[in-house]
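Colleague: only geometry, no sequence info:
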């Protein structure tokens, strides 16, 4: 009878698990984004897919380029540049010209990440830096919305998608009429609310059956992605919860003042990029506070600024600026919310 050599490894407590590595976290974020990306492609077709590929490829190549220029080992293996590219694409209109998306990816990595020293040192969410740049550089293209569920969306690009670099994108109005989407006005739910005082059904907002950015429309899929990351302990659920709380409280105050003029808190929560920003943008591990009180203040600030800019600002969408402003305030929030050491004054 063969002798079985059993080895028992006995250790004393505490039994502490190894923390997940950066590539593991980033890989799981990609997993959480995949259903949202797939839904976007289903709704908007190959233009949305091409936009994701353009921003992601641009982000990865930019990161690799700057690593080479700095004469250090490339960091594209940690997948953080992939996350930046995907997040950026999700915040753009599905018919956004690919070359403009590539520019956004370059700026996101170059100015939002590399300029501050790379991953772990960025003050702002890199994807939002790229988004803010293209918002300022290409204001017409970033506010040109196209209908979802076009008949030939899987074999035909939206006309503006393939615009040549530095050339004016093709008009999409004629194409929109050609695909004949009933009831499509070219406006997002926030634009309809702001300029025409029309409210979109909450059910459509929750499921993502409206016009909007490539990956921000379905609150259901975004929340499921956030729940997945929270269960894997790769997302601090308190940050999106604080953002949602801040938005709900701020919107409710205005709604109570004049329900005929201001939208309901539900509309504010489900429309635009609020949910996507709360779950995937505001929760940036580097650019957000870590103290419990700081997280609450950070989230309330993002929610309050989002509502105020949406209601009284010139732009219809405001989550991007609200998060960037809160990112800038994070060091101050952290400074004044440090927990007191027991026994110290």
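Modeller: Arrived safely, thanks for sending. All of these numbers come straight from a predicted model, not from anything done at the bench.

Colleague: wait, residue 334 sits on residue 294?
Modeller: Yes. Residue 334 is within contact range of residue 294, at 5.5 Å (criterion: Cβ atoms under 8 Å). (Each C-beta comes from the backbone N, C-alpha and C, glycine too.)

Colleague: neighbour-wise, which of those two wins?
Modeller: residue 294 (22 against 17; other Cβ atoms under 10 Å).

Colleague: now do the same for that one: helix, strand or coil?
Modeller: helix (DSSP: H, G, I helix; E, B strand; the rest coil).

Colleague: so where is the stretch 51-200 of the chain shaky, pLDDT-wise?
Modeller: 180-186 (pLDDT under 70).

Colleague: so what's the gap between stretch 34-52 and the chain middle?
Modeller: Relative to its parent chain, stretch 34-52 has a centroid offset of 15 Å by Cα atoms, centre = their mean, to the nearest Å.

Colleague: try stretch 160-175
Modeller: Put simply, stretch 160-175 sits 25 Å off its chain's centre (Cα atoms, centre = their mean).

Colleague: ok, now stretch 191-202?
Modeller: 22 Å.

Colleague: cool, stretch 223-230 as well?
Modeller: 14 Å.

Colleague: pull out the buried residues from it.
Modeller: 223, 225-226, 228-230 (16 or more other Cβ atoms under 10 Å).

Colleague: list the contacts of that stretch.
Modeller: 28-29, 31-33, 35-36, 235-237, 240, 275, 279-280 (Cβ atoms under 8 Å, 6 or more residues apart in numbering).

Colleague: now it: mean pLDDT?
Modeller: Averaging pLDDT along stretch 223-230 yields 95.

Colleague: re the thing from before, return the subset of the contacts of stretch 223-230 lying in helices.
Modeller: Among those, the members falling in helices are 28-29, 31-33, 35-36, 240, 275 (criterion: DSSP state H).

Colleague: which of these has the most neighbours?
Modeller: Neighbour-wise, the ones in helices among the contacts of stretch 223-230 (other Cβ under 10 Å) top out at residue 275, 29 neighbours.

Colleague: touching, it and residue 219? I think so.
Modeller: Yes. Assessed by Cβ under 8 Å, residue 275 is found in contact with residue 219 at 4.5 Å.

Colleague: what's the spacing between stretch 337-345 and its chain's center?
Modeller: Taking Cα atoms, centre = their mean, one finds the center of stretch 337-345 at 35 Å from the center of the full chain.

Colleague: which outside residues touch that stretch?
Modeller: 289, 291-294, 297.

Colleague: name the nearest of those residues relative to residue 124.
Modeller: Using Cβ to Cβ, residue 289 comes nearest to residue 124 of the contacts of stretch 337-345, at 14.1 Å.

Colleague: shared neighbours, residue 275 and residue 219?
Modeller: Common contacts of residue 275 and residue 219 (Cβ under 8 Å, 6+ apart): residue 269.

Colleague: could you point out which element follows the helix or strand where residue 178 lies?
Modeller: Here residue 178 is covered by helix 173-179, with elements defined by DSSP states H and E. Using DSSP H and E, the helix or strand that follows helix 173-179 in sequence is helix 189-196.

Colleague: coming back round to it: tell me the two of the contacts of stretch 223-230 that are most distant?
Modeller: 35 and 236 (21.1 Å).

Colleague: pretty sure residue 204 sits against residue 210.
Modeller: Yes. Using Cβ under 8 Å, residue 204 makes contact with residue 210 at a distance of 5.4 Å.

Colleague: neighbour-wise, which of the two wins?
Modeller: residue 210 (23 against 13).

Colleague: that one and residue 39, how far apart?
Modeller: Applying Cβ to Cβ, to the nearest Å, one obtains 13 Å for the distance of residue 210 from residue 39.

Colleague: now do residue 234
Modeller: 21 Å.

Colleague: can you check residue 275 too?
Modeller: 13 Å.

Colleague: same thing with residue 152?
Modeller: 19 Å.

Colleague: same deal with residue 313?
Modeller: In terms of Cβ to Cβ, residue 313 sits 29 Å off from residue 39.

Colleague: which parts of this protein are helices?
Modeller: 22-44, 46-69, 80-90, 98-112, 126-137, 173-179, 189-196, 202-207, 219-231, 238-257, 265-270, 274-276, 292-312, 319-336.

Colleague: and the second one, what does it pack against?
Modeller: So the one you mean is helix 46-69. When contacts are defined as 3 or more Cβ pairs under 8 Å, 6 or more residues apart in numbering; DSSP states H and E, helix 46-69 packs onto helix 22-44, helix 80-90, helix 98-112.

Colleague: just put these in CSV and tack on distance to residue 57.
Modeller: Listed next are the helices and strands packed on helix 46-69 as CSV, based on distance: least, Cβ to Cβ, whole Å:
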stretch, distance to residue 57
helix 22-44, 15
helix 80-90, 7
helix 98-112, 8
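
Colleague: just name the most buried of these.
Modeller: helix 80-90 (a mean of 28; mean count of other Cβ atoms under 10 Å).

Colleague: what angle separates it from helix 46-69?
Modeller: For helix 80-90 against helix 46-69, the angle by axes from the mean of the first three to the mean of the last three Cα atoms, to 10 degrees is 150 degrees.
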